[in-house]
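In: sequence? don't have it. structure:
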């Protein structure tokens, strides 16, 4: 299931960017965050792919969505300048950002490479 995050739920579940300078992921399961906007064509194309992947990787990878229009402060904190932008968050180490609507096979490759999940 894909969960929509607000700035507050992001700080509770992912990273409290207001009180921490060094990245520290709060989760115990790798996560992908889709920064999107309702008016964005490529974002609309990406949405069903993310829903499919959320079902396929249930229990292995968490999928979140952040509406950049509603959460402008959060988008600014991550320097989101183009959408869709995807943040891949491993349980250990630094997150990695990808931009643009990735096809499903590219997502699966990234999940395999970044999270070491087949």
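Out: Good, I have the coordinates. The structure presented is a predicted model; accordingly, all values stated were derived computationally and were not measured.
In: any idea which residue sits dead centre in this structure?
Out: Among the residues of the chain, the one closest to the centroid is residue 33, at 0.9 Å (C-alpha atoms, centre = their mean).
In: Return the residues in contact with that one.
Out: Counting by C-beta atoms under 8 Å, 6 or more residues apart in numbering, residue 33 makes contact with 5, 14, 64, 65, 66, 86, 87, 89. Yep, even glycine has a C-beta here, placed from its N, CA and C like the rest.
In: which one of those residues has the most neighbours?
Out: In terms of neighbours by other C-beta atoms under 10 Å, the contacts of residue 33 top out with residue 66 at 26 neighbours.
In: Assumed that residue was part of a helix.
Out: No - Residue 66: not assigned to a helix; according to DSSP: H, G, I helix; E, B strand; the rest coil it is strand.
In: That one is in contact with residue 74, isn't it?
Out: Yes - at 6.0 Å, residue 66 and residue 74 qualify as touching, with contact defined as C-beta atoms under 8 Å.
In: overlap in contacts of those two?
Out: Counting by C-beta under 8 Å, 6+ apart, the shared contacts of residue 66 and residue 74 are 5, 10.
In: hang on, the earlier thing: of the contacts of residue 33, just say which sits nearest to residue 100.
Out: residue 86 (8.4 Å; C-beta to C-beta).
In: Tell me who's in contact with the closest one.
Out: 32, 33, 34, 35, 97, 98, 99, 102 are the contacts of residue 86 under C-beta under 8 Å, 6+ apart.
In: Distance to residue 9 and pLDDT added to those, as TSV?
Out: What follows is the contacts of residue 86, written out as TSV (distance: C-beta to C-beta, whole Å; pLDDT from 0 to 100):
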residue	distance to residue 9	pLDDT
32	16	97
33	11	97
34	15	97
35	14	97
97	20	92
98	22	92
99	23	91
102	24	88
